[in-house]
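Undergrad: sequence unavailable; structure follows:
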């Protein structure tokens, strides 16, 4: 989006986005299904969203090719404009600068029970290696913008090639995935103790069977036919902290008991034997889970959000052609579901060498019904 567009009012922006045509099939479907509305419009490609209890929206905007000018993390003002957060040097990183106290490549943002914002910074643009200290997890106060905590880990936890992807918090425990080598990092926020589990294990890496696809089942690849190599990516923890779910984008969705991950008497070989396949899934960009154990999947192949119930039932919550590479999902305290439409599948590195991304970069939302058919839906799992 060009800079002069950023000053438009929220009303003008949302009115423009609302004019994006739906197919006849989508229009017909909305008569009986939940309907997505535009919650925010990002000035750059947006893959993450988090919403505070007072309904302030934060956006994560990674430094993908073509988005080098991103300020990485933004707060949406009441008029719909998006402003750098927390501001200053944190949002002004340029190649060659020190990235230890600046956002370089924010792959995910999230907000948990205490209302603070976490940003996952991979520390380097795609295809590059992070400089020392640049890869980090950053916790911020959503009101003042104060940086509350910056977590960095030594090479026994994050070895060369490791790359933070996403995180969840349950109680005092922070769980993060490594999508570079494959692995699960568990950090106790109270004691400081950290574990790395299932490091580079095949169960956390792409296999030769499940292929990462985009809309219509198109295989994602660059101009030379190279396919994305994203290892352990999406994670969820159920409300009572029993099950840890994880997947690479192409699936399948797997699970293991949290208690087993925390048991340092168990080796990675022991843990691998305890991993279960929870479900085969389409290629996804993101997930979330509700208090009843329903897992919401951003189905990038079919432009829809699918709900996978604990007993294995699948229900389509909403389908909409604007859901281009739907990414990390977020449920707020009022049970509104937010979906960033990242368009990642249209980046040149995934689109045969041609960049097909374009404004507007939408974040859509819908209020969750209490029930969808015979399936009851829960509230946000806040950790």
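TA: Happy to help now that I have it. Not measured: the values here are computed from a predicted model.
Undergrad: OK, contacts around the residue positioned nearest the centre of the chain?
TA: By CA atoms, centre = their mean, the mean C-alpha position of the chain lies nearest to residue 328, the distance being 3.0 Å. If you count contacts by CB atoms under 8 Å, 6 or more residues apart in numbering, residue 328 has them with 47-49, 60, 108, 110, 166, 285-288, 298, 340. Every C-beta, even on glycine, is put in place using the N, C-alpha and C of the backbone.
Undergrad: please identify the buried residues of stretch 362-376?
TA: By neighbour count with 16 or more other CB atoms under 10 Å, stretch 362-376 contains the buried residues 362-366, 368, 372, 375.
Undergrad: what of stretch 241-259?
TA: Residues 241, 243-251, 253-258 are the ones in stretch 241-259 that count as buried (16+ other CB under 10 Å).
Undergrad: residues near residue 68, how many?
TA: Residues near residue 68, counting by other CB atoms under 10 Å, number 11.
Undergrad: likewise residue 117?
TA: Neighbour tally, residue 117, other CB under 10 Å: 24.
Undergrad: surely residue 318 touches residue 306?
TA: No: judged on CB atoms under 8 Å, residue 318 makes no contact with residue 306 at a distance of 9.5 Å.
Undergrad: all strands of the stretch 101-250 of the chain, in order?
TA: Taking DSSP state E, counting those that start in this stretch, the strands of the stretch 101-250 of the chain run over residues 106-111, 117-121, 136-140, 147-151, 164-170, 173-178, 183-188, 194-197, 234-237, 243-247.
Undergrad: low pLDDT regions in this structure?
TA: 1-33 (pLDDT under 70).
Undergrad: return the distance of stretch 178-196 from the chain's centre.
TA: Its chain's C-alpha centre and that of stretch 178-196 lie 18 Å apart, by CA atoms, centre = their mean, to the nearest Å.
Undergrad: and if you look at stretch 274-286?
TA: Distance, centroid of stretch 274-286 to centroid of chain: 15 Å (CA atoms, centre = their mean).
Undergrad: that stretch: which residues count as buried?
TA: In stretch 274-286, the ones that count as buried by 16+ other CB under 10 Å are 275, 278-279, 281-286.
Undergrad: so which of the contacts of residue 328 is the most crowded?
TA: Busiest of the contacts of residue 328 [other CB under 10 Å] is residue 340, holding 32 neighbours.
Undergrad: I figured that one hits residue 45, correct?
TA: No: the criterion here is CB under 8 Å, and residue 340 misses it with residue 45 at 9.1 Å.
Undergrad: quick one on the thing from earlier: ok, which of the strands of the stretch 101-250 of the chain comes nearest residue 357?
TA: Nearest of the strands of the stretch 101-250 of the chain to residue 357, taken as CB to CB: strand 106-111 at 16.8 Å.
Undergrad: parallel or antiparallel, which strands does the closest one pair with?
TA: When pairing is defined by DSSP bridges, strand 106-111 lines up against strand 117-121 (antiparallel).
Undergrad: surely residue 131 meets residue 102?
TA: No: with contacts defined as CB under 8 Å, residue 131 does not count as touching residue 102, sitting 11.0 Å away.
Undergrad: shouldn't residue 259 be within a helix?
TA: Yes: using DSSP: H, G, I helix; E, B strand; the rest coil, the secondary structure at residue 259 is a helix.
Undergrad: restricted to strands, list the buried residues of stretch 274-286.
TA: Judged by DSSP state E, strands contain the following of the buried residues of stretch 274-286: 278-279, 284-286.
Undergrad: identify the farthest-apart pair in those residues.
TA: 278 and 285 (18.0 Å).
Undergrad: out of the ones in strands among the buried residues of stretch 274-286, which one sits closest to residue 184?
TA: Taking CB to CB as the measure, residue 184 lies nearest residue 278 of these, at 15.6 Å.
Undergrad: what sits against that closest one?
TA: Per CB under 8 Å, 6+ apart, neighbours of residue 278: 245, 252-255, 308.
Undergrad: between these, which is nearest residue 139?
TA: Of all those, residue 139 sits closest to residue 245, with 23.3 Å by CB to CB.
Undergrad: gap between the closest residue to the closest one other than its chain neighbours and residue 358?
TA: Closest residue to residue 245 apart from its sequence neighbours, by CB to CB, 6 or more residues apart in numbering: residue 236 at 4.4 Å. Distance from residue 236 to residue 358, counting by CB to CB, to the nearest Å: 31 Å.
Undergrad: repeat that for residue 77.
TA: Distance of residue 77 to residue 358, given as CB to CB: 23 Å.
Undergrad: residue 65 now?
TA: 14 Å.
Undergrad: which one's more surrounded, the two?
TA: Applying other CB under 10 Å to residue 65 and residue 358 shows that residue 65 carries more neighbours, namely 14 against 11.
Undergrad: host element of the residue of the chain positioned farthest from its centre?
TA: Most distant from the centre of the chain: residue 265, at 31.4 Å, with distances by CA atoms, centre = their mean. For residue 265, there is no helix or strand it lies in under DSSP states H and E.
Undergrad: how much space separates it from residue 237?
TA: 21 Å.
Undergrad: residue 172 now?
TA: From residue 172 to residue 237 the distance is 13 Å (CB to CB).
Undergrad: more neighbours: which of these two?
TA: Applying other CB under 10 Å to residue 172 and residue 237 shows that residue 237 carries more neighbours, namely 21 against 10.
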